[in-house]
Structures are given as structure tokens and as C-alpha cells.
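[1] I'd like to go over a predicted model; first the sequence, then the structure.
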Amino acid sequence: MTEIQSGDRPKDPGVPEALPTALGELRARVDPATMDRLWLFPPLRRGRRERGLVAVSVFLDGEARRRLLTAAYSGERSGLDLKVASTVTEEGDAPPEFLPRVMEGVVRRAGEGLGEPREFEIAGEVARFESLLDDLENEAREEVGS
């Protein structure tokens, strides 16, 4: 059964592989052992194109502050061809207790359609990051296969 969005249009399939690919690229640039938390914002999909945003807080010396990085990604599928591009940007640093408000501000400034992010605690544990990435890759395989 096809999921229906408002206006009775079929749901855009997007590019399910884009998020796990972007997270793999993020892992190549940022050691998961330094990651505190990840926020995965719902992607914006139009047909077989997708754009998304990941925010990650990274431990700085001590516990008082976190560096905030964003990874913006885009994906496109045409036939068997898959293209995914991502960029990582350093946004600044802040006390960790301020970051939930920062994420609320991202949603508010984006306007309608972005939606609330899913938050994942990594706490510097590489296994947590790898487990999240495995789960997302499995979800993508299921979506592509259906």
C-alpha cells in the first residue's frame, strides 16, 4: 500500500542511501570517539532527490563546551546511478545544555517542512555510532528493496 501525503500525492521516495552515505563520510572526517550527540533532521524529498542535515556535537577539552558541526547532504538517484555529496561545516561551540535550544532554533528558522530531529547519544562510544550507522544502512536497504 502506498503511503499518501496531504493532497493525495504519493510519498516521494527520496534517496534512502543518502543519509547512511553522508554519515559514513562524516565518520571519515570526525572521529566517532569525539562525538557526544547526533541530530538527524528529516530529509526534504522531491522524487528521487533528497537533501538533509545532520548536526553533531563534539567534545572539546573538558566537559564544559561542545563544538557543533553540521553535515549537509544531497542525494540523487537516476536509474542505477547514485550520487551523494556532503559538506561538513563548523558552526561554533557552546555549553552542551544549550544545544537542544539551538536545534529548536534550526527547526524554527527552516520554516514548515523540516520537522523535529531525531537525537542520538553517542557519548564518545564508537560502537554506538557504528550501531546507528548499521541500523540506518539496514533501513535504506529495506526501503530500496520495497
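    Arrived safely, thanks for sending.
[2] Which elements pack onto the helix or strand bottoming out on mean pLDDT in the chain?
    Least confident helix or strand of the chain, by mean pLDDT, DSSP states H and E, is helix 99-110 with a mean of 84. Counting contacts by 3 or more C-beta pairs under 8 Å, 6 or more residues apart in numbering; DSSP states H and E, helix 99-110 packs against strand 49-59, strand 66-78. (Each C-beta comes from the backbone N, C-alpha and C, glycine too.)
[3] Among those, which comes closest to Arg118?
    strand 49-59 (10.2 Å; C-beta to C-beta).
[4] Run the chain-centre distance for the closest one.
    4 Å (C-alpha atoms, centre = their mean, to the nearest Å).
[5] list the helices and strands it packs on?
    Checking 3+ C-beta pairs under 8 Å, 6+ apart, strand 49-59 ends up next to helix 18-29, strand 35-40, strand 44-46, strand 66-78, helix 99-110.
[6] Tabulate those in a markdown table, adding columns for mean neighbour count and distance to Glu119.
    Listed next are the helices and strands packed on strand 49-59 as a markdown table, based on neighbours: other C-beta atoms under 10 Å; distance: least, C-beta to C-beta, whole Å:
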| stretch | mean neighbour count | distance to Glu119 |
| --- | --- | --- |
| helix 18-29 | 19 | 15 |
| strand 35-40 | 21 | 5 |
| strand 44-46 | 15 | 19 |
| strand 66-78 | 19 | 13 |
| helix 99-110 | 13 | 8 |
